[in-house]
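**Q** Generate a structure from the sequence data that follows.
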Amino acid sequence: MRTLLQISAFFALVAIATPSFAQIHLGVNFGPPARRTEVRGTAPSRSSKWTPGYYTYNTNRSDYDWNKGRWQDPPTSRSTWTAPSYKAHDDHYDYYEGKWNNHGRTR
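**A** Numbering: from 1, shown residues only. The predicted structure is shown next:
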């Protein structure tokens, strides 16, 4: 019984500590402006992947700030980028952070 309790406690801690696709609730009733057109330039290396620019909400200014796109080296060669996004819900918007998705293999 004690072992079962220890195992349950372990998995409860792991579940709490496991990062998830971060969502931030915004008390904002208007979405971000249209995405900007960006010039990518030349990739610094063959492994670099372009991560497009995106808007974040600035609570001090009560408006959106643009974060420029950039070339990044992904964590693995098979990683793909999911861009940040906003989803409208009734009277507010939820913001979902961008993230690298790992598809199994390492470089």
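**Q** going forward, measure contacts and count neighbours with C-alpha atoms only.
**A** Noted.
**Q** which residues of this protein score low on pLDDT?
**A** Within the chain, the segments meeting pLDDT under 70 span 1-27, 104-107.
**Q** What segments of it are helices?
**A** With DSSP state H applied, the chain shows helices at 2-17, listed in chain order.
**Q** so W100 touches S77, yeah?
**A** No - using CA atoms under 8 Å as the test, W100 is too far from S77 to be in contact (11.0 Å).
**Q** quick one: the strands in this protein?
**A** Secondary structure of the chain (DSSP state E): strands at 23-26, 49-51, 54-58, 63-67, 70-72, 80-82, 85-89, 92-96, 99-101.
**Q** May I see these organised as CSV, with distance to P32 and mean neighbour count added?
**A** CSV is the format used below for those (distance: least, CA to CA, whole Å; neighbours: other CA atoms under 10 Å):
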stretch, distance to P32, mean neighbour count
strand 23-26, 12, 14
strand 49-51, 18, 19
strand 54-58, 7, 17
strand 63-67, 6, 14
strand 70-72, 20, 16
strand 80-82, 18, 15
strand 85-89, 8, 14
strand 92-96, 10, 17
strand 99-101, 19, 15
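**Q** Which among those strands is found nearest to T42?
**A** Closest to T42 of those, according to CA to CA: strand 70-72, at 8.8 Å.
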